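**Q** generate coordinates for the sequence data below:
(one chain, ligands or ions: 2)
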Amino acid sequence: MLKKVFRYGKENNIKTVLSLLVLILAVIFQTLPFVFVYQVIHKVIGKAEITPEFILFSSGGVLLSLIIYSFLYTKGLDISHKAAYGTLMNLRVSLQEKMEKLPLGVIDERGTGAFKKIFVDDIESLELLYAHAIPEGSSNLFVVIVVYIFLFVFSWKLAFLAAVTIPMGFIAMKIMYSLGMKYMDAYYKAGRFMNNTIIEYVHGMEVVKVFNKSSESYEKLKNSVIGFRDYTLLWYKVCWPMMAVYGAVLPCTLFANLPIGSYLVISGFVELEEYVLVLCLSLSLGIPLLRALTFIPTFPQIAYKIEQIEKIMGAPPLKESCDGFNGKDHRIEYRDVTFGYGEKEVLHNINLTIEPGSSTALVGESGSGKSTLAKLLVHYYDVKSGQISIGGQNITDISLESLNELVSYVSQDNFLFNMSLMENIRLGKPDATDEEVMEAAKKAQCGFIKKMPRGFDTPAGDAGNQLSGGEKQRITLARAILKDAPIVVLDEATAFSDPENEEKIASVLAEFIKKKTLVIIAHRLSTVKNASQICVLKDGEIVERGTHEELLENGHEYKKLWLSHVKSMEWGITKEEEL
Ligand SMILES: Nc1ncnc2c1ncn2[C@@H]1O[C@H](COP(=O)(O)OP(=O)(O)OP(=O)(O)O)[C@@H](O)[C@H]1O
Ligand SMILES: [Mg+2]
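**A** Numbers count the residues shown, from 1 in each chain. Ligands and ions are numbered 1, 2, ... in the order given. Purely as a prediction, here's the structure:
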């Protein structure tokens, strides 16, 4: 575990060790006053003369020790906190880098709330480990061990009496640890569920209101909160008795020493002075022992959280190489591709060739696998079997960065970051000038931006919530236009647009996609009827392919889709006429 703990510290590990050394020194100074107390008692027992110098020396020594202790303890914690927050930053950065390499399925499976919990809460709670448990707990424990060794060398009988409660305390601690770990999984899962439910509740607020589901979703939220409370309390209920036992027993160094030790002195087995020194030092162990113990109840939680972080860090990443793109052209080939989200297979044995510079439309019923086919090309997931290549190079042999440069993907679910619209579009080409961004926005029919009070500086709002569906789509389209990658994948890129805007976008797109390899997905078949080839998907298989004319002549499924499209268009026109 210690190895895992220090793995993310990197340059901060030196600071953690330094803070440990400073804190050890601090605890030694905290113990020193008990040595002065012993000296005073030693003089009193020996009936030696107590001079004013001696009084000054003793009380001055006690005061100075405590001042130095206080200074060093604060300094040690200051260094340990710097090391801790540096380590937490490294952990978050490593986790973010890991997330970028994970298949989206792994992220979907755990849920947004669970990731928020790990990124924010769990990692934050490791501050206790890095800033306190390691340096503070270990330094206190170290001094306790050193004092015990000294006591054993000095007077093994009395030292043994001072240590009898330690095994009892450790047994209680071990029981608490095992119980804690046993209940930790349920407790952690309840926390994860609550986080996911809260995020779902906030995101789904619109649906909740429209369908009058407030009480149902509130109930789910309430139950998740109650569940988390119950599991937390259960954890404490199970662990508290043992915590109380070792908390009381472990620091109780006088438990056997006081009665049996005094008997040994009276019986002449041990010298009185020896006894007094052992008593003083045993008393000095109380505070460091308690300090070292404070962190022990948190260890099961910390260990579990590290395990959860490790699980994500250890999840198999996407198959990826560091190589750039070195394919001979932009021909896309799906060879015997099979894929499923989890167990359920959604694409079966797909074979598809997309010639460079040509356009391929994917059409088919909802759920037939069109978006999945597109997502595989941008390597959001690894295929289950088969392979996808560009210009003859398997996409698993292309780094994600290079693939990203090669393909512009406008997904069905448009996502805007909560920054200005200018910056949102600029994501397509980070070094683009303002003029280039505005030009791309113009091409994507983003005239609405200029009408906004702050124009291109308008923040997109939380995940783009301040814009309409069509506006968001046009922003992401502008992003793709700006990126100007040789391969373009458009998944329902104009689905939300009104007919007038759609027509304008279509003419701009026609210009934009010239000489590009295009994959386009659309339900409105009229937008794709000029494609070089149209593939009809049904239940995860390509059942028909050809040009619009060929398919109208020979294709059964396509004809069905086309007729229903024409019918819906006619229905729209009739409705307009009626109005
Ligand atoms: N993240 C996911 N996890 C599990 N199953 C998924 C996921 N995304 C899609 N599916 C399932 O995979 C199948 C294909 O979905 P896909 O999104 O590719 O369909 P589509 O043809 O694009 O549909 P639409 O026209 O409605 O966009 C569907 O049965 C869907 O339920
Ligand atoms: Mg889709």
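
**Q** can you map out the helices along the stretch 151-300 of the chain?
**A** Per DSSP state H, counting those that start in this stretch, the stretch 151-300 of the chain has helices spanning 156-163, 165-203, 205-210, 214-249, 254-266, 272-294, 299-314. These are given in chain order.

**Q** got CSV for those helices, with distance to ligand 1 too?
**A** Where C-beta positions appear, they are placed from N, C-alpha and C, glycine not excepted. Supplementary listing: the helices of the stretch 151-300 of the chain in CSV, determined by distance: least, C-beta to the nearest ligand atom, whole Å:
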stretch, distance to ligand 1
helix 156-163, 58
helix 165-203, 15
helix 205-210, 17
helix 214-249, 21
helix 254-266, 60
helix 272-294, 44
helix 299-314, 18
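
**Q** just put those in JSON lines and tack on mean pLDDT and mean neighbour count.
**A** Rendered in JSON lines, the data for the helices of the stretch 151-300 of the chain read as follows (pLDDT from 0 to 100; neighbours: other C-beta atoms under 10 Å):
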{"stretch": "helix 156-163", "mean pLDDT": "90", "mean neighbour count": "19"}
{"stretch": "helix 165-203", "mean pLDDT": "86", "mean neighbour count": "17"}
{"stretch": "helix 205-210", "mean pLDDT": "67", "mean neighbour count": "11"}
{"stretch": "helix 214-249", "mean pLDDT": "87", "mean neighbour count": "15"}
{"stretch": "helix 254-266", "mean pLDDT": "90", "mean neighbour count": "16"}
{"stretch": "helix 272-294", "mean pLDDT": "85", "mean neighbour count": "20"}
{"stretch": "helix 299-314", "mean pLDDT": "83", "mean neighbour count": "17"}
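
**Q** got a markdown table for the ones you listed, with distance to K117 too?
**A** Converted to a markdown table, the helices of the stretch 151-300 of the chain look like this (distance: least, C-beta to C-beta, whole Å):
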| stretch | distance to K117 |
| --- | --- |
| helix 156-163 | 41 |
| helix 165-203 | 5 |
| helix 205-210 | 20 |
| helix 214-249 | 11 |
| helix 254-266 | 42 |
| helix 272-294 | 25 |
| helix 299-314 | 9 |
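
**Q** burial measure for whichever residue of the stretch 101-250 of the chain sits closest to ligand 2, as a count.
**A** When distances are taken as C-beta to the ion, the stretch 101-250 of the chain reaches nearest to ligand 2 at L104, 14.2 Å away. Counted with other C-beta atoms under 10 Å, the neighbours of L104 add up to 14.

**Q** could you do L482 as well?
**A** Tallying neighbours of L482 according to other C-beta under 10 Å, which is how burial is gauged here, yields 23.

**Q** can you tell me the SS state at it?
**A** Under DSSP: H, G, I helix; E, B strand; the rest coil, the three-state class of L482 is helix.

**Q** could you pull up the contacting residues of it?
**A** By C-beta atoms under 8 Å, 6 or more residues apart in numbering, the contact list for L482 reads 425-426, 428-429, 432, 436-437, 440.

**Q** apply 10 Å and report the result again.
**A** Each residue near L482 by C-beta atoms under 10 Å, 6 or more residues apart in numbering is listed here: 408, 425-430, 432, 436-441, 443-444.

**Q** out of the residues you listed, which is nearest to T294?
**A** L427 (47.0 Å; C-beta to C-beta).

**Q** how about the closest one: what's its closest non-neighbour residue?
**A** Take L427 and drop its neighbours on the chain: the residue closest to it by C-beta to C-beta, 6 or more residues apart in numbering is R479, 5.8 Å away.

**Q** quick one: contacts for that neighbour?
**A** Contact criterion C-beta under 10 Å, 6+ apart gives 408, 410, 414, 416, 424-429, 437, 440-441, 444 as the residues in contact with R479.

**Q** now do 7 Å
**A** R479 makes contact with 425, 427-428 under the criterion C-beta atoms under 7 Å, 6 or more residues apart in numbering.

**Q** would JSON lines of those with secondary structure and neighbour count be doable?
**A** Written out in JSON lines, the entries for the contacts of R479 read as follows (DSSP: H, G, I helix; E, B strand; the rest coil; neighbours: other C-beta atoms under 10 Å):
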{"residue": "I425", "secondary structure": "helix", "neighbour count": "30"}
{"residue": "L427", "secondary structure": "coil", "neighbour count": "16"}
{"residue": "G428", "secondary structure": "coil", "neighbour count": "21"}
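
**Q** so which of those are also by ligand 2?
**A** The subset of the contacts of R479 within reach of ligand 2, by C-beta under 5 Å from the ion, is empty.

**Q** so which of the contacts of L482 is the most crowded?
**A** With neighbours defined as other C-beta under 10 Å, the most crowded of those is I425; it has 30 neighbours.

**Q** show the model's pLDDT score for it.
**A** According to the predicted model, the pLDDT of I425 comes to 93.

**Q** also E576?
**A** At E576, the model reports a pLDDT of 50.

**Q** the residue of the stretch 101-250 of the chain found nearest ligand 1: neighbour count?
**A** Nearest residue of the stretch 101-250 of the chain to ligand 1, counting by C-beta to the nearest ligand atom: D108, 5.0 Å away. Using other C-beta under 10 Å, D108 has 11 other residues around it.

**Q** same question for S125.
**A** The number of residues packed near S125 is 14, by other C-beta under 10 Å.

**Q** on that earlier part again, name the next helix or strand downstream of the stretch of helix or strand the residue of the stretch 101-250 of the chain closest to ligand 1 belongs to, please.
**A** When secondary structure is defined by DSSP states H and E, D108 falls within helix 104-110. Scanning the chain past helix 104-110 towards its C-terminal end, the next helix or strand to appear is helix 112-116 (assignment: DSSP H and E).
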